[in-house]
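Engineer: one predicted model, sequence on top.
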Amino acid sequence: MQKTIIILLLSSLFISTGVAQPQPVPRLITLDEAIAIGLENNRDLKSARLEVDRAEARVREAWGYALPSLDFSGRYTRALERPVFFLPDFANPSSGRTVPVQIGTEHAFDMTLSARQTLFNSTVIVGVGAARVYSDVAKQLYRQREVETAANVRRAFYSVLLAGEVRTLMRQNLQNAEENLKNVRTMAAQGLISEYDQLRAEVGAENLRPEVIRAENNYALAIDALRATMGIGVSEPIDVAGSLVHQPLSEELLAAAEDIAVRDNPGLAALQLQIEVNEAFVSAERSNYLPILSAFGTLQYQAAKNSFAFSTNDFFRSTQVGLSLSFNIFQGLQTNAKVDQAVIEVRKSEEQLARTETTLRTAVHSLVLQIRQAKQRIEAQKKTVEQAERGYRIATTRFTSGAGTQLEVNDAQLALTQANVNRIQAVYDYLVASAGLDEALGRMPNTNSSTAP
């Protein structure tokens, strides 16, 4: 019995500690895939798509007011007590009395088919045009949301790439510091360097370890932010494919960016269409001054009997057609007030359009300046990195040959790290500004030119 218990305890211990749970392999995602997933999962984009569908349904509804309407009605009446009317008593006229006479039947049927067609109604005509413009507004707002989503995913993706570059750089710095520390300890054991140089090498390596941990944590946070932007759960492990690559935009595009934004920005286009919608509302309110002309026709079958035994011969048909004209003469100045309100809405839309255009031009101008500045930084930092790498090689060579100090190596390592950080930061700033410019211009990105696997 004790042997069995010991075997079970050992088996449970082996199962709980000896078998490692396999780690799931992260899903590798490119920028194209990240944007596609973000567009598919974005809730605001789905809501904008539903708004487009509703706008198209409103167009169909507006057309319905211009089409003929056809109605059918039927009625059955059972007279529990038939009504009466009174006649003089012809048998005894001098009595002054009246005689009640029942009228109607106990059972009655009637069926009516009526048709109506609007011949002239300015409100209907204006409504069809306004519904079409409203549909165009919804489509522009959907396009704006689509462009915004793509830009947000790009920015989050570039943040992951930046965090990955910094993490790789910190790891490499730690590796270099550890290799340098090995050489220092070997040289110290041989009495070639002082204890002070060895202490500086040890402190330099240990100071890099928290930086590596911080870089790892920043990368994990950037991945979480990318997941949130893409609309996927935190339980799905992902990683990104690509690196920060500078692909300069054409100077022609940058020079014409403001005009392109004013022409193609979907938010601005939606505001321009909104002015048209408000102008249509003005016309719709003014149409209340105009008459409404309609044509109508009815087809009716009726039958009445004191018994419920109806046949087709008991039904009698009647038909009629006609025209209906209505014209409002006075409505307490309500129409005037509604027209004035609609005109004010047009003016408000025009002011909002002018304000938005000014803001958009300012934003595009700022983005172009950021792109040009980042380009200059990239070009400058490329040479700086080359010089820092050469300085680090010289410092390490001098130190191993006994002509230099550990302080020179640390300074060279710090200069190289700073140069590399400045370089990747400049590329990151360029790509983020490019994403913002594409968003302002209403363009979906050419993602293949933004990263390289």
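Structural biologist: Great, that's in hand. Numbering: from 1, shown residues only.

Engineer: CA atoms of the strand or helix carrying Glu252 as CSV?
Structural biologist: Here Glu252 sits within helix 251-255, counting by DSSP states H and E. Provided in CSV are the C-alpha atoms of helix 251-255 (Å, rounded to 0.1, in the frame of the first residue of the first chain):
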residue,chain,number,x,y,z
GLU,A,251,8.6,66.2,-53.6
GLU,A,252,5.8,66.8,-56.1
LEU,A,253,3.3,65.1,-53.7
LEU,A,254,4.6,67.2,-50.7
ALA,A,255,4.3,70.4,-52.7
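
Engineer: next secondary structure element downstream of it?
Structural biologist: Taking DSSP H and E, what comes next after helix 251-255 is helix 257-264.

Engineer: just the mean pLDDT for that following helix, thanks.
Structural biologist: Computed over helix 257-264, the mean pLDDT rounds to 90.

Engineer: report the contact partners of Gln300.
Structural biologist: Residues in contact with Gln300 (C-beta atoms under 8 Å, 6 or more residues apart in numbering) are 110-113, 317-319. Where C-beta positions appear, they are placed from N, C-alpha and C, glycine not excepted.

Engineer: Ser235 falls within a strand, correct?
Structural biologist: No - with DSSP: H, G, I helix; E, B strand; the rest coil as the criterion, Ser235 is coil rather than part of a strand.

Engineer: and the gap between it and Val212?
Structural biologist: 26 Å (C-beta to C-beta, to the nearest Å).

Engineer: those two: which has the busier surroundings?
Structural biologist: The residue with more neighbours, out of Ser235 and Val212, is Val212; 18 against 7, by other C-beta atoms under 10 Å.

Engineer: name the helices or strands packed onto the one helix or strand the more buried one maps to?
Structural biologist: Using DSSP H and E, Val212 sits within helix 195-230. Helices and strands touching helix 195-230, by 3 or more C-beta pairs under 8 Å, 6 or more residues apart in numbering; DSSP states H and E, are helix 31-41, helix 122-189, strand 238-240, helix 406-441.

Engineer: quick one, the first one and helix 195-230 angle?
Structural biologist: To tie it back to what came earlier, the one meant is helix 31-41. Using axes from the mean of the first three to the mean of the last three C-alpha atoms, to 10 degrees, one finds that helix 31-41 and helix 195-230 are set 40 degrees apart in direction.

Engineer: got the CA positions of helix 31-41 in PDB?
Structural biologist: What follows is helix 31-41, C-alpha atoms only, in PDB (Å, rounded to 0.1, in the frame of the first residue of the first chain):
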ATOM      1  CA  LEU A  31       1.600  45.500 -42.100                       C
ATOM      2  CA  ASP A  32      -0.700  44.600 -45.000                       C
ATOM      3  CA  GLU A  33      -2.300  41.900 -42.900                       C
ATOM      4  CA  ALA A  34      -2.600  44.100 -39.800                       C
ATOM      5  CA  ILE A  35      -4.500  46.800 -41.800                       C
ATOM      6  CA  ALA A  36      -6.800  44.100 -43.400                       C
ATOM      7  CA  ILE A  37      -7.600  42.700 -39.900                       C
ATOM      8  CA  GLY A  38      -8.100  46.200 -38.500                       C
ATOM      9  CA  LEU A  39     -10.500  47.100 -41.300                       C
ATOM     10  CA  GLU A  40     -12.400  43.800 -40.800                       C
ATOM     11  CA  ASN A  41     -12.700  44.100 -37.000                       C
END
